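[1] prediction below, plus the sequence it came from.
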Amino acid sequence: MKHILHFALMVTLSLMPNFIFSQAPTLGTAANFVLFSTDGAVTSTGISQLTGNIGTNNGPSTGFGNVNGVMHSNDLVTAQCAADLLIAYNQLDFAIPTFFPSPLLGNGAVFNEGVYSVSGAAILDGGLTFNAQGDENAVFIVQIEGAFSTNANSQILLLNGAQACNIFWKVEGLVSMASGTLMKGTIIANNAAITMSTNNVLEGRALSTTGAITVDGVLSFTPIGCGSPELTGPIAPTLGETVCYALFSANGTVSNVGITFVTGDVGTNGGLATGFDADNVNGTIHANPDTSTALAASDLFTVNTYLTTLSHDIELLYPAQFGNELVLTPHTYLLNAATVLTNTLYLNAQDNEDAVFVIKIAGALSTSTFSNVVLINGAQSKNVYWKVDGATSISDYSNFKGTLVGHNGAVDLATGVVLDGRAFTTTGGLSTAAITAEITAGCTTLVIDENIENNNSRFGFYPNPFDNSLNITINKNLSINNASLIIFDVSGREVLRSVFTNSVTTFNTSAFASGMYFYKVIVNNEILQTGKLIAK
């Protein structure tokens, strides 16, 4: 059968004298898949982080947790992907080789643009570099006429503009990647399986015409570039009057215990706002409902309605397993049940600082202690929105980012929470306990420096946790004549007060007992920064 396909394609190519044999193949819908088999099971063991669609046109898909993509199995999408994959395979198979390396790839070798052919099985060992020589459109094709394996910790390196989206591997046998492999490019295995081991990283795709695909604790994502669409996410809601509020309930009490620092307004339109120290709030405390809270309540319901009706792109199928190092890109996501954020969630803007993330939760939201939302590759808190249909409980010492819109549920921000954004609820109480909250950019009545990623960039503290000494640095973009540092323990007792003016100042902290502390930095009677510190 393969010889018949070869003959038919050779006839076609003979009529195309200008065909460039090292050009990228046409992937079609296969470009959207990070893992795909035309005929074979697709299986995951361990916790893998995968960005891109996953599917099989004939077989089961099992063991996958939350995937930053769409799961497909034996449907119209997989049927089209299978057809597109066959076309791409044939184009790679008939590319005319220009180089013939030895079967042992890597060990410091450098490949320039071209088609490389290995007559049998091949092994990747050490580092193999693809050098585009300044041409970001340079295409690299590696044809392996047998099995392809990688040794532990082997890696593909890119040089002088080379892109993973322009690297293609055509393999006529089993593809097996040992632990710690750093792989780049689209791998198409013909009539064979693909296995990826723990700590593998694949910037590309693993596709098989016939054969199972198995991954175990890997990070794999479809490459960007080469004409792939730039992800912008949905249009962000208009916050209206709520834009200057850090903490707000449209109908419920807003209360605090402990030392809480807030940059932004605090208020409620249905109850009282209590327990907040005006000296620690850079904004207005609306202790009772007033004109501003009435407008904010109306605008909050508008925001809630917009987020509710916003269609999702990707459904995360395991809400109870949310987090756990999951990486998300700019989309609208749905978790269709009560959700638990455990450990770390990464939001990856893919170098688009305007990209928007919306995470819709059809149920309550809770987090583990020390949970963390991390922004990478240009993601910004002001572009992150959470829509929660139920109660929200952010556990102790969590770092949470974005504007949280709770609907018909209480919001509880526990001890030591750092909120880079806003926390709202349409109906329900909002409680805080010794937290730090700062609104993101957008409010014109408060000075929020958009040129500084967050308030902790004005002054740096290290090490944290600290032992016998603590250093504080002043951002080089700030002009500070003198500043005051005040540190409190968890009971509110002041344990240190000092003036500092140097770019780096060291404080003796040997007398500090182990535990958590809160600080504020005051310049010209204005609180410029707040946060938490931990003594070992």
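    Right, received. Where do you want to start?
[2] so what's the residue count around the closest residue to Asn288 other than its chain neighbours?
    Leaving aside its sequence neighbours, Asn288 sits nearest to Leu272 (C-beta to C-beta, 6 or more residues apart in numbering; 6.5 Å). Using the backbone N, CA and C atoms, a C-beta is placed for each residue, glycine as well. Here the number of neighbours of Leu272 (other C-beta atoms under 10 Å) works out to 15.
[3] residues contacting Leu272?
    Listed by C-beta atoms under 8 Å, 6 or more residues apart in numbering, the contact set of Leu272 reads 253-255, 287-288.
[4] can you check Ser102 too?
    Contacts of Ser102 (C-beta under 8 Å, 6+ apart): Val118.
[5] any idea how far it lies from Ala362?
    56 Å (C-beta to C-beta, to the nearest Å).
[6] low-confidence ranges, the stretch 1-150 of the chain, go.
    For the stretch 1-150 of the chain, the stretches flagged by pLDDT under 70 are 1-22.
[7] that one: strands as residue ranges?
    33-37, 42-45, 49-51, 53-56, 61-62, 71-73, 104-106, 110-112, 114-118, 122-125, 127-131, 140-144, 148-150 (DSSP state E, counting those that start in this stretch).
[8] for Leu86, find the nearest of those.
    Across those, Leu86 has its closest neighbour in strand 33-37 (11.9 Å, C-beta to C-beta).
[9] and the closest one, how far out from the chain middle?
    Relative to its chain's centre, strand 33-37 lies at 20 Å (C-alpha atoms, centre = their mean, to the nearest Å).
[10] quick check: buried residues in that strand?
    When neighbours are counted by 16 or more other C-beta atoms under 10 Å, the buried residues of strand 33-37 are found to be 33-37.
[11] pull the residues that contact it.
    30, 42, 50-59, 69, 78, 81, 85, 202, 205-208, 210-213, 215, 220-222.
[12] tell me, how many residues neighbour Ala278?
    11.
[13] quick one: contacts for the residue lying closest to it once chain neighbours are set aside?
    Nearest residue to Ala278, sequence neighbours excluded (C-beta to C-beta, 6+ apart): Ile285, at 6.1 Å. Neighbouring residues of Ile285 by C-beta under 8 Å, 6+ apart: 265-267, 273, 276, 278.
[14] thinking again about what came up before, for the residue nearest to Asn288, give me the pLDDT.
    Looking at Leu272, its pLDDT stands at 96.
[15] report the central residue of this protein.
    For the chain, Leu347 is the residue whose C-alpha lies nearest the centre (C-alpha atoms, centre = their mean; 2.4 Å).
[16] then the helix or strand hosting that one to PDB, C-alphas only?
    In the assignment (DSSP states H and E), Leu347 maps to strand 344-348. Only the C-alpha atoms of strand 344-348 are listed here, as PDB (Å, rounded to 0.1, in the frame of the first residue of the first chain):
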ATOM      1  CA  THR A 344      -0.200  26.400  41.300                       C
ATOM      2  CA  LEU A 345      -2.100  27.600  38.300                       C
ATOM      3  CA  TYR A 346      -0.100  29.300  35.500                       C
ATOM      4  CA  LEU A 347      -1.600  31.800  33.100                       C
ATOM      5  CA  ASN A 348       0.500  32.100  30.000                       C
END
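[17] next secondary structure element downstream of it?
    strand 357-361.
[18] now that next one and strand 344-348, what's the angle there?
    Computed by axes from the mean of the first three to the mean of the last three C-alpha atoms, to 10 degrees, the angle separating strand 357-361 from strand 344-348 equals 140 degrees.
[19] run me through the strand neighbours of strand 357-361, direction for each.
    Sheet pairing for strand 357-361, assigned by DSSP bridges, gives strand 332-335 (parallel), strand 384-388 (parallel).
[20] just name the most buried of the ones you listed.
    strand 384-388 (a mean of 26; mean count of other C-beta atoms under 10 Å).
[21] just give me how far the next helix or strand after it sits from the chain centre.
    Moving toward the C-terminus from strand 384-388, the next helix or strand (DSSP H and E) is strand 392-394. Put simply, strand 392-394 sits 21 Å off its chain's centre (C-alpha atoms, centre = their mean).
[22] which other helices and strands contact strand 392-394?
    Packing partners of strand 392-394 (3 or more C-beta pairs under 8 Å, 6 or more residues apart in numbering; DSSP states H and E): strand 365-367, strand 399-406, strand 411-413, strand 418-425.
[23] and the second one, C-alpha only, in PDB?
    What it means is strand 399-406. This file holds the C-alpha atoms of strand 399-406, laid out as PDB (Å, rounded to 0.1, in the frame of the first residue of the first chain):
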ATOM      1  CA  ASN A 399      -1.600  34.500  46.100                       C
ATOM      2  CA  PHE A 400      -4.600  35.200  44.000                       C
ATOM      3  CA  LYS A 401      -4.700  37.300  40.800                       C
ATOM      4  CA  GLY A 402      -7.500  38.900  38.800                       C
ATOM      5  CA  THR A 403     -11.000  40.300  39.400                       C
ATOM      6  CA  LEU A 404     -13.200  37.800  41.200                       C
ATOM      7  CA  VAL A 405     -16.900  38.100  40.600                       C
ATOM      8  CA  GLY A 406     -18.900  35.900  43.000                       C
END
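[24] got the angle between that strand and strand 357-361?
    Using the same axes, to 10 degrees: strand 399-406 against strand 357-361 is 60 degrees.
[25] quick one: contacts for the nearest residue to Gln143 once chain neighbours are set aside?
    By the measure of C-beta to C-beta, 6+ apart, the closest residue to Gln143 outside its immediate chain neighbours is Ser117, 4.5 Å from it. Listed by C-beta under 8 Å, 6+ apart, the contact set of Ser117 reads 97, 99-100, 142-143, 145.
[26] and with 10 Å instead?
    Neighbouring residues of Ser117 by C-beta atoms under 10 Å, 6 or more residues apart in numbering: 95-101, 141-145, 170.
[27] how near is it to Ile167?
    Ser117 sits 15 Å away from Ile167, going by C-beta to C-beta.
[28] likewise for Phe248?
    50 Å.
[29] and those two? Which one has more around it.
    Taking other C-beta under 10 Å, Phe248 and Ile167 do not tie; Phe248 has more neighbours (30 against 25).
[30] give the contact list for the more buried one.
    241-242, 254, 264-269, 273, 286, 292-293, 296-297, 300, 411, 422-426, 430.
[31] distance check, the spatially closest residue to it that is not a sequence neighbour against Phe301.
    Take Phe248 and drop its neighbours on the chain: the residue closest to it by C-beta to C-beta, 6+ apart is Phe424, 5.0 Å away. The spacing between Phe424 and Phe301, counted by C-beta to C-beta, is 10 Å.
[32] wait, what's in contact with His312?
    Residues near His312 by C-beta under 10 Å, 6+ apart: 234, 331-336, 358-360.
[33] could you tell me which of the contacts of strand 33-37 count as buried?
    The neighbour-count test (16+ other C-beta under 10 Å) marks 30, 42, 50-57, 59, 69, 78, 81, 85, 202, 205-208, 211-213, 215, 220-222 as buried among those.
[34] ok so, going back, report the buried members of the contacts of Ile285.
    Members of the contacts of Ile285 classed as buried by 16+ other C-beta under 10 Å are 265-267, 273, 276.
[35] could those be laid out in a markdown table, adding secondary structure?
    Formatted as a markdown table, the buried ones among the contacts of Ile285 follow (DSSP: H, G, I helix; E, B strand; the rest coil):
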| residue | secondary structure |
| --- | --- |
| Asp265 | strand |
| Val266 | strand |
| Gly267 | strand |
| Ala273 | strand |
| Phe276 | coil |
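[36] any idea which of those is closest to Glu136?
    Comparing the buried ones among the contacts of Ile285 against Glu136 with C-beta to C-beta places Asp265 closest, at 47.3 Å.
[37] so who does that closest one touch?
    Neighbouring residues of Asp265 by C-beta under 10 Å, 6+ apart: 241-248, 273, 281-286, 292-293, 296, 422, 439, 443, 445-446.
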